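J.: could you work out the structure for the sequence below:
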Amino acid sequence: MTIPNSINSTRSRSKLAIIIPFVVVGAFALAIYAYVLKLPFFRDDMVMLLWLRDMSWSRLWVDATGFPYYRPLSFSTLKLSELVFGWPEPISLHVLNLALHAANSVFVVLLAQRFFEGKGKRIAAISAGLLFAAYPFTYEIVPTTGPIFQLQAAFFGLSAALCYAKFRDQTSDKNQKSKIKNQGWLWLSLALALMGAFTCEYGVIIPLFIVLVELMCRMKSTPVPLLYFGFAALYLATWVLVPKSRAEPPLILQGLTPALRDMPVTALYYLQGLTYPFQTLAWPLVRATGMSQRLAVGLIAALTLAGSVALFAWARRLPLLAFALAWFLVAVAPMWPTLNADYTLNGPRLHYLPSIGTTLVWGSIIAILIADRRSQTGVNRLRSVVGGVLLAVTLLQSLVFLHGMADIITIGSRITADVSRAVAATPSNESSLVINFPAWIGKRGSETTFALGAEGISFLPGYSTMRDLVRLNTQQNRDVKEVTFTNTIQEWKYDQRLGLLVNWNKLTNAIRAAKHVWAIEYLPNTLQLSEAGSVQSAKPPEPEVTFDKQIGLKVQNVALTPDGLRIELTWTTTITVDRQLTAFVHVYNPQGKLVAQQDGYPLLGHYPPWLEQANEVVHDVRRIALSTGQLAAGHYVVGVGVYDAETGQRVPAISPAGGRFENDVYLFYGFDIKRSDRR
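T.: This is a model prediction of the structure:
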């Protein structure tokens, strides 16, 4: 029998219509986080991946010594990169995180499609998937490798629940062949749940997801879910027996006072995540009324939840709301009583599992509003418009938020990679110092989008070191330290939390102990790693110019680069300087007019002459930004001088022959700009 082409064409279009939502949502999730493919390792990556380097495959499932948690499947997944590449490779693990997030977004589509019945099913499914893919509070999940256990817990929890729902859909089928196939869905669900249980501590809540599916499938109570609880019990027993390093006790075991202090705050934080589409109104409400941030968040959450309950009741879909909220609560349950407020408010990644329930709620709300869009009544048309606007605005504010966080992560990651490469390029027997590396970058409190929680990410947490960061990213073990000296940090567009704070004396000692010194410069819109120089105990070179008979200077090297001038100066002092002397380097055009300059103490402002020791050699690297394509043709000269920072008066510049240089400026370099060089 020949099937008409029209029927085949209809079937093809039908299959395509089924596939398109999954492709769109998966591609959307990948597009949002595609930028992470270029990121280096940072944050928890150093601790976890270097610890795994020392763990053999045979010990991975039976020993977690040196780490406070037992997460064998996640650890094994991370170690695969080392097995394939010989060393953890960032792009391989970023690809894995991207794939897991995209898969989870597609699973959310399937979850919404399975339990949203009737008109609007496809709208609910696509909306929930898109909202989950762009959920703002999980911006730090994909860029780093540490949270892979949450991605995997969501993957196994969702897939096990969906397979179990498929099993329940076909339970009543009398066909023997169908029964065998149906049992396959159950076995697959059990296998996924078992893997999920050994992913991490969150895997023990997967049985509760199965129970929720069982209730939504309107089945009578059966013993099948007990098998899933057996997996959770097996993991917990193993968790207790496997050796681990000591971790901080859960919040509820720290006493009544900490629990009563922190749990209300964390509850509000989770509620903020649940009602996030309207929580961007909290800051305007705070500014308009003067109420506290917590009260504003709580008020918006209460009103939003009340409105949601009313809408679901009107649509006769309260069981669906109960299912979504129960999923949210089950996911929050392990975290709320165990994690303190400081950790929670600085850990937006904790929203990843609860956001499945959250986005199911909002996807359903949008579908309920839009479902009757074909009706001609004014009320229905208005409701459809409201639903469309809600989806568009929520996605837009999420994407704007994620774009801002991507900028923070990209800036911090770029400086992380620059530092790693620079330090790794030094000889293995020479020490390095990095000044003002940001341990954390984020928005200032008043500039955050949401009223509760920090909106930033750490790059070098306090429990890791710069040595670990360099080693993991370059495979080079270097003696490198980091210090923070706030006097030389300029205001820029983001807030930053820094590492070990030092004063002038401690900074000076750290500089003297290092063979190479770099400093992070806080430019208005970005961060820049700059070579600062070094301080050496060596025989002073013969000076080309002496300033006020105290400070000697020799120009070691000058290079004209596409970005400007790179100048290496060597300073020496004959006695301890008791004035606030500082140096300037000027670039003059053919008419003698100043066109560019760089003022400051040596080593990018970190080593003033009044801290120098007699006969100490200070190797000072300076850069002057120049756009040679915008300079007029002619001969340019570069000069250096010293002045008193308190009075602004220049210090006499004396030649070796005893003469004084004009304007107390030693002109040491010249270069020509030809007309053919101009753009």
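J.: okay, CA-based contacts and neighbour counts for the rest of this
T.: Noted.
J.: would you mark the buried spots in stretch 259-269?
T.: 259, 262-263, 265-269 (16 or more other CA atoms under 10 Å).
J.: do stretch 423-438 as well
T.: Residues 423-424, 426, 431-438 are the ones in stretch 423-438 that count as buried (16+ other CA under 10 Å).
J.: narrow these to those in strands?
T.: Counting by DSSP state E, those place 432-435, 438 in strands.
J.: okay, the buried residues of stretch 259-269 in TSV with secondary structure and pLDDT next?
T.: TSV is the format used below for the buried residues of stretch 259-269 (DSSP: H, G, I helix; E, B strand; the rest coil; pLDDT from 0 to 100):
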residue	secondary structure	pLDDT
259	helix	90
262	helix	94
263	helix	95
265	helix	96
266	helix	96
267	helix	97
268	helix	97
269	helix	97
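J.: beta partners of residue 660?
T.: On the basis of DSSP bridges, residue 660 is bridged to residue 654.
J.: hmm, it is touching residue 653, no?
T.: Yes - with contact defined as CA atoms under 8 Å, residue 660 and residue 653 form a contacting pair (5.7 Å).
J.: looking at those two, which is more packed in?
T.: Set side by side, residue 660 and residue 653 show more neighbours around residue 653, with 24 against 17, by other CA atoms under 10 Å.
J.: could I get the contacting residues of that one?
T.: If you count contacts by CA atoms under 8 Å, 6 or more residues apart in numbering, residue 653 has them with 545-548, 641-642, 660-661, 664-666.
J.: and the buried residues of stretch 423-438, which is closest to residue 323?
T.: residue 438 (42.7 Å; CA to CA).
J.: beta partners for that closest one?
T.: Where residue 438 sits in a bridge, its partners, by DSSP bridges, are residue 498.
J.: what stretches of this protein score poorly on pLDDT?
T.: 1-17, 171-180, 219-222, 372-377, 675-679 (pLDDT under 70).
J.: outline the domain layout of it.
T.: Per automatic domain parsing, the domain ranges recorded for the chain read 19-407, 537-679.
J.: out of the ones you listed, deepest packed?
T.: With neighbours taken as mean count of other CA atoms under 10 Å, the domains of the chain reach their highest mean count in domain 19-407, at a mean of 19.
J.: for the stretch 51-200 of the chain, which segments count as helices?
T.: Taking DSSP state H, counting those that start in this stretch as the test, the helices found in the stretch 51-200 of the chain are 72-85, 90-115, 121-133, 148-169, 176-197.
J.: centre of the chain to the last one, how far?
T.: When you say that, I think you mean helix 176-197. Centroid separation for helix 176-197 versus its chain: 37 Å, with CA atoms, centre = their mean, to the nearest Å.
J.: picking that back up, distance to residue 457 added to the domains of the chain, as JSON lines?
T.: Below are these laid out as JSON lines (distance: least, CA to CA, whole Å):
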{"stretch": "domain 19-407", "distance to residue 457": "7"}
{"stretch": "domain 537-679", "distance to residue 457": "27"}
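J.: which SS state does residue 449 fall under?
T.: Classification of residue 449 using DSSP: H, G, I helix; E, B strand; the rest coil returns coil.
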